[in-house]
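**Student:** Generate coordinates for the sequence data below:
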Amino acid sequence: MNRIAYSGLLLAVAIMGCGGKEDESPAAIDQSLLAQYRAALPTESQVMAAAPEPSMATKLGEPAIFPTGSKDIVLGINGAVGGIVEIMRAIVKQEPTVYNSATKEFFWGPFPNDNGFGTVAAYIREADEGADFKFHYALLRGVDNDVAKMTPVIWGGATPDPSNKDYGAGVTLWDFEANRAFEQASNPDVASVKLDKGRFVAVYAKGAGDKGGEGTFVVAAFRGFVPQDKPENTPADLDYFYGRVAGDNNQFDFIDYQGVFDIHNDPAKAAAETVGVKMAFFNEGTGRAEASASGGDLGANQSASFVECWNAALDETYLSLTVTTDGTDEAPVTEGMSAACGVFEKTLADLGVPSLSDVDPTMMAKLTEVATNGVPKE
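**Tutor:** Below you'll find the predicted structure:
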């Protein structure tokens, strides 16, 4: 999976082009209340993951495999999330079309989708008492101005921190399947439109740490994802856990992603592997990866496991590959000495680095349900 191409929705420019109604009746809108609702939308710092970056140190060795190879995964997820943030913020930064005090909802649109088919609209509403999050929001697509018939293609819920705009918790969904179904059912020129497939959903939280600093955590899932610019790709299923602990001018990041996707994205092979990669790195540099692969182009009775360490310049300092056949480990193939890993000579588990297995199973099941079946019914 190379990157998330979110241009299929054709909305970011369209919304800016169509323009909402300017403030026709300023007295009718409580601007402080509107600001609270707008704060429900996630910020980039809440939901975007970091990837290891080389320092200014001179590179002397071979580039490390996993931080460079995983960067497309991280950038892909960031592209999806960044697209959600960009599109939603583009529409709600305008004055809302209407506020409904009975439902506690601000509504924008419907507006003509000047760069795509039909109309677009959005809402942010206060959730019912007892809901998981304080606010719900959605981006809708329609054929005309009949809101009842519009289709949600982006959906989310959030509880912002009123004391810090960058803190809070929420869930956000990009439903490529709903968008594609809308185009296929409604757009007479759908054959000329490139469309992504699948769904992406993420749960996120960011806030102050118990002992100072701050922490960021994101759990995400893709199901059946195929980017519109790579329609030949094998559909990718991916679960993803990212975290950052920052303070005192230092930060520690970890990433754990597991899924079924074609490593090579080679139509001639078109065999998906079961892949797991765990990484941890310090100050976006020095780190360790532990990875496994099975199925796909590997033999039915084979699996492979890797350990890799790298320095601040992302030069590989240690690599170990172990192939297991019929349950028996072959002699590891290594490059370098494990002592070169420094503090990362210990396993990530021994270092106490969280992993997907630490995520609450009930939450993970809900996440998978949304990624598989789409927008929950409110």
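**Student:** My guess is Met150 contacts Leu139. True?
**Tutor:** No: Met150 lies out of contact with Leu139 (CB atoms under 8 Å); the separation is 9.7 Å. C-beta here means a position set from N, CA and C on the backbone, and glycine is covered the same way.
**Student:** Overlap of the contact sets of those two?
**Tutor:** Contact criterion CB atoms under 8 Å, 6 or more residues apart in numbering; residues shared by Met150 and Leu139: Ala121.
**Student:** out of those two, which sits in the busier spot?
**Tutor:** The residue with more neighbours, out of Met150 and Leu139, is Leu139; 29 against 22, by other CB atoms under 10 Å.
**Student:** Using CSV, list the CA coordinates for stretch 274-282.
**Tutor:** Taking C-alpha atoms only, stretch 274-282 is exported to CSV below (Å, rounded to 0.1, in the frame of the first residue of the first chain):
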residue,chain,number,x,y,z
THR,A,274,0.1,-11.3,6.5
VAL,A,275,2.5,-8.7,7.9
GLY,A,276,3.3,-7.2,11.3
VAL,A,277,5.7,-4.4,12.0
LYS,A,278,6.5,-2.8,15.4
MET,A,279,8.8,0.2,15.6
ALA,A,280,10.0,2.5,18.3
PHE,A,281,12.3,5.5,17.9
PHE,A,282,13.7,8.4,19.9
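**Student:** buried stuff in that stretch?
**Tutor:** Of all the residues in stretch 274-282, those buried under the rule 16 or more other CB atoms under 10 Å are Thr274, Val275, Gly276, Val277, Lys278, Met279, Ala280, Phe281, Phe282.
**Student:** On the three-state scheme, Ala185 is what?
**Tutor:** helix (DSSP: H, G, I helix; E, B strand; the rest coil).
**Student:** which residues sit in contact with it?
**Tutor:** So Ala185 contacts nothing (CB under 8 Å, 6+ apart).
**Student:** what's the pLDDT at it?
**Tutor:** Looking at Ala185, its pLDDT reads 92.
**Student:** Number the chain from 366, please
**Tutor:** With 366 as the first residue, the last one maps to Ala550.
**Student:** Report the beta-bridge partner residues of Val583.
**Tutor:** Beta-bridge partners for Val583, by DSSP bridges, are Tyr569, Tyr607.
**Student:** Neighbours of the nearest residue to Val591 once chain neighbours are set aside, how many?
**Tutor:** The shortest distance from Val591 to any residue that is not its chain neighbour, by CB to CB, 6 or more residues apart in numbering, is 4.2 Å, and that residue is Lys562. Using other CB under 10 Å, Lys562 is surrounded by 19 other residues.
**Student:** State the distance from Lys562 to Pro596.
**Tutor:** Look at Lys562 and Pro596: by CB to CB, to the nearest Å, they are 8 Å apart.
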